[in-house]
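> 3D model of this:
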Amino acid sequence: MEAFAIARVQLSFASIVATPTGPERFASAFYTALWADNPALRELFPAGMESMRHRFATAVGWAVNRLSDFAVVEAFLSQLARDHRKYGVRPEHFRAAGAAMLVAVRECTPLILWTAALEHTWREIISRLVAAMAIASAEDDLPAVWGATVVGHERVMPDLAIIRLESDSPIPYHAGQYMSVQTPHRPQMWRYLSAAIPPNPQGQIEFHVRRVSSGWVSPALVGETAVGDRWVIGPPLGGLHVDRSRGDVLMIASGTGLAPLRAQLMEMAMRGDNPRVHLFYGGKYPCDLYDIETLWHLAMTNPWLTVVPVVEEKENPWWHPVPVLEPPTGLHRTMYGKLGKVVAQFGSWADRQIQIAGSPSMIKTTLYALSAAGTPRQNISFDPL
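Below is the predicted model of the structure:
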């Protein structure tokens, strides 16, 4: 597709999400159109749609902004299509979704921008996206979901738990990927979690979960999960990985965003030869670096790894009155300040492949800090969901 046509579509979508309520309005218009023409599809979705609307708008925005590299978009949407099998979505449903998306785009694009040429371009793009998803869904021969049993639940902080499971059969994920999970405490509600350990033949998985006070699922995962609970796990998603042919690596993590990077580091530690890795691990308080000791052990036994703790406050809060850990002798000292600014003060890291994992706000501010330091945008990877 011509660059001008792609730019026209990107401008159109930018106008849709330009206001704080734009993404929500767009997603709502999509689901309203989808269910109006296909009422039977409503039962495939949960009653509470807030998180799904947010993820839909985020995924569409991510894909639209990368249309010039359609192979990357196609790989991402193929994963999403396979993931939607857990809802009972079939290949033919994606055509209905494509029609609803065109309605939503037409309804939400400012009238002054909507032209016959723009509609033609949107139709062509949506047709390609829908075809990629339908084909991926039809050709997938893996299970739609896996069953797993909780074998460990460790409350490492009042709002953070490490949950260990054993799946009924090994899940074919790779280190750096995430999966959707459904628990008996929140049936028909799914939450995306990143695996914190590499895959293994025993089907053992570890998730790090932080409670979101306004969330529907995470409070139950942290506070109500018990050994013996049966979970349902969806197909692996995401593309974070270390390309061993591209040289050294910069990893930036905050909170439980550490999990996908931790899994990759553990997998790398099983090899004899690795690129250099700098990991900046940040939080507001020292106690937010809940897994820093594991990282220090990895760094002490793997000279290719440098771990840099970054915190905004030097002391823990009053509600977590534990001593602040000091790095072992020979390891990098703790640095202080906003994570993105601390990383950017070392330069552009233009010679590194870069991964960022954390909350959406952390990813956004870190991207801004790196861009201001001259970091090439194509060097940076993060998962949109």
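
> show residues contacting the helix or strand where residue 148 lies.
Secondary structure from DSSP states H and E places residue 148 in strand 146-157. With contact meaning CB atoms under 8 Å, 6 or more residues apart in numbering, strand 146-157 is reached by 161-169, 171, 203, 205, 222, 225-233, 287, 290, 320. No exception for glycine: its C-beta is placed from N, CA and C like everyone else's.

> buried residues, that strand. List them.
146, 148, 150, 153 (16 or more other CB atoms under 10 Å).

> burial count for the nearest residue to residue 377 once chain neighbours are set aside?
Spatial nearest neighbour of residue 377, excluding adjacent residues (CB to CB, 6 or more residues apart in numbering): residue 371 at 6.8 Å. Look at residue 371: counted by other CB atoms under 10 Å, it has 15 neighbours.

> quick one: pLDDT of residue 371?
Residue 371 is assigned 94 on the pLDDT scale.

> same check, this time on residue 385
69.

> and residue 329, by the same measure?
Note on residue 329: pLDDT of 87.

> quick check: the residue lying farthest from the centre of the chain vs residue 12, distance?
In the chain, residue 116 marks the outermost C-alpha relative to the chain mean, sitting 35.5 Å out by CA atoms, centre = their mean. Per CB to CB, to the nearest Å, residue 116 is found 13 Å from residue 12.

> likewise residue 221?
38 Å.

> okay, and the closest residue to residue 90 other than its chain neighbours sits in which element?
Among residues not flanking residue 90 along the chain, residue 137 sits closest, at 7.2 Å (CB to CB, 6+ apart). Assigned by DSSP H and E, residue 137 falls within helix 116-139.

> helices of the stretch 51-200 of the chain, start to end?
70-83, 93-108, 116-139 (DSSP state H, counting those that start in this stretch).

> now do the shortest one: everything it contacts.
Spelled out, it's helix 70-83. The set of residues external to helix 70-83 that reach it, using CB under 8 Å, 6+ apart, is 1, 59, 62-63, 66-67, 89, 94, 128-129, 132-137, 140, 142, 180, 234-239, 384.

> apply 7 Å and report the result again.
Identification of contacts with helix 70-83 by CB atoms under 7 Å, 6 or more residues apart in numbering yields 59, 63, 66-67, 94, 129, 132-133, 136-137, 140, 180, 234-235, 237, 239.

> do the longest one as well
Helix 116-139 is contacted from outside by 5, 8-9, 12, 63, 67, 74, 77-78, 80-82, 84-85, 91, 94-95, 97-98, 101-102, 105-106, using CB under 7 Å, 6+ apart.

> count the residues that sit near residue 129.
Residue 129 has 23 nearby residues by other CB under 10 Å.

> how about stretch 48-67, which residues are buried there?
Quick answer for stretch 48-67 (16+ other CB under 10 Å): 51-53, 55-64, 66-67.

> over to stretch 206-219?
Under the neighbour-count criterion of 16+ other CB under 10 Å, stretch 206-219 has 206-211, 215, 217-219 buried.
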